[in-house]
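> sharing a model prediction with you, sequence too.
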Amino acid sequence: MKRIAVVLFLMTISLHAQKNIYEHSNFDAISSNHKVLAIIPFITNLELKKDISPEELRNLEKKEGYAVQEAFETYFSNRKKKKKFSVEFQNVQNTNALLAKHQITYENIDIHTIKELCNILNVDGIISGNLNLNILLSKGENTSFSFMDYISGQANYGRIGVKISDKSTGKLLWKFEKVITKKTGKDTNLLIDLMMKQTARKFPYDKERKKKRKKD
């Protein structure tokens, strides 16, 4: 029993250490005029166990990056019906079409500044991020696990970092990082849905959160 208790205790510590939130001290002032945000493809780094060509790896990374972009749009669209946010989110098809029109691709998007991207997309801020994976999450994965999976590290799929940056200042306003495990979700949509629900009270554009902050 003592051994099980120790394992559970270590797991609890590990899970608490798996996510981290940063928010700019002047978030409310800087974002006061924000009306529309764009979600861009996430930069992905895959470390797969199987041997594949560099070209195939790049294509798979690109696919995962766009899958996360679409999963965020799905999440925000579903929550939008309940009028949960103080901002709108640009349709990702429009986002990607505008980027393509200006010769901005998945391969070169990271060399452009936040101000440049916001001006091109005509938005007030950008949601972007990084994804490190050892699986193809967009394809779906078996989420069954045991305590030994956590001890051996077999339960970890990678890590995701989500950022919100401001157009006028180019500053990072909010960031959320989380380890992706078998408990996080078996595919990209479930991952984003669960992750955002877990941090809903910390999401800076949540209407209820903003009301509470004004009262405080």
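Done, it's in. Numbering: from 1, shown residues only.
> from here on, just use CA atoms for contacts and neighbour counts.
Will do.
> host element of Gly129?
strand 125-133 (DSSP states H and E).
> list the buried residues for that strand?
Applying a neighbour-count criterion of 16 or more other CA atoms under 10 Å, one finds Gly125, Ile126, Ile127, Ser128, Gly129, Asn130, Leu131, Asn132, Leu133 buried in strand 125-133.
> can I get the CA coordinates of that strand in PDB?
Extracted in PDB, the C-alpha atoms of strand 125-133 (Å, rounded to 0.1, in the frame of the first residue of the first chain):
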ATOM      1  CA  GLY A 125      -3.400  39.300 -32.300                       C
ATOM      2  CA  ILE A 126      -2.000  35.900 -33.200                       C
ATOM      3  CA  ILE A 127      -2.500  32.500 -31.600                       C
ATOM      4  CA  SER A 128       0.500  30.300 -32.400                       C
ATOM      5  CA  GLY A 129       2.600  27.600 -30.800                       C
ATOM      6  CA  ASN A 130       5.000  24.700 -30.900                       C
ATOM      7  CA  LEU A 131       4.300  21.000 -30.800                       C
ATOM      8  CA  ASN A 132       6.800  18.300 -30.000                       C
ATOM      9  CA  LEU A 133       5.600  14.700 -30.500                       C
END
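> which helices and strands sit right next to it?
Under the contact criterion of 3 or more CA pairs under 8 Å, 6 or more residues apart in numbering; DSSP states H and E, strand 125-133 touches strand 36-39, strand 43-46, helix 114-121, strand 156-166.
> can you give me the angle the longest one makes with helix 114-121?
What it means is strand 156-166. 80 degrees (axes from the mean of the first three to the mean of the last three CA atoms, to 10 degrees).
> could you give the mean pLDDT of strand 156-166?
What strand 156-166 shows for mean pLDDT is 91.
> now do stretch 86-94
96.
> contact partners of that stretch?
The contact list for stretch 86-94 (CA atoms under 8 Å, 6 or more residues apart in numbering) reads 34-40, 69-70, 73, 76, 123, 205-207.
> ignoring the adjacent residues along the chain, who's closest to the most centrally placed residue in the chain?
Centroid-nearest residue in the chain, with CA atoms, centre = their mean: Val162, separated by 3.9 Å. Counting by CA to CA, 6 or more residues apart in numbering, Val162 lies nearest to Gly129, which is 4.5 Å off, once chain neighbours are set aside.
> pLDDT wise, what is the one you found at?
95.
> where does pLDDT dip in this protein?
1-19, 139-155, 185-186, 210-216 (pLDDT under 70).
> which element follows the helix ranked longest in the chain toward the C-terminus?
For the chain, the longest helix by residue count, based on DSSP state H, is helix 54-80. Going down the chain from helix 54-80, the next helix or strand is strand 88-89, by DSSP H and E.
> partner strands of the strand holding Gly129, parallel or antiparallel?
When pairing is defined by DSSP bridges, strand 125-133 lines up against strand 36-39 (parallel), strand 43-46 (parallel), strand 156-166 (antiparallel).
> any idea how many residues pack against the closest residue to Glu70 other than its chain neighbours?
For Glu70, ignoring the flanking residues on the chain, the nearest one in space by CA to CA, 6+ apart is Val92 at 7.0 Å. As a burial measure, Val92 scores 19 neighbours (other CA atoms under 10 Å).
> do you know how far Val92 is from Leu133?
Separation of Val92 from Leu133 (CA to CA, to the nearest Å): 23 Å.
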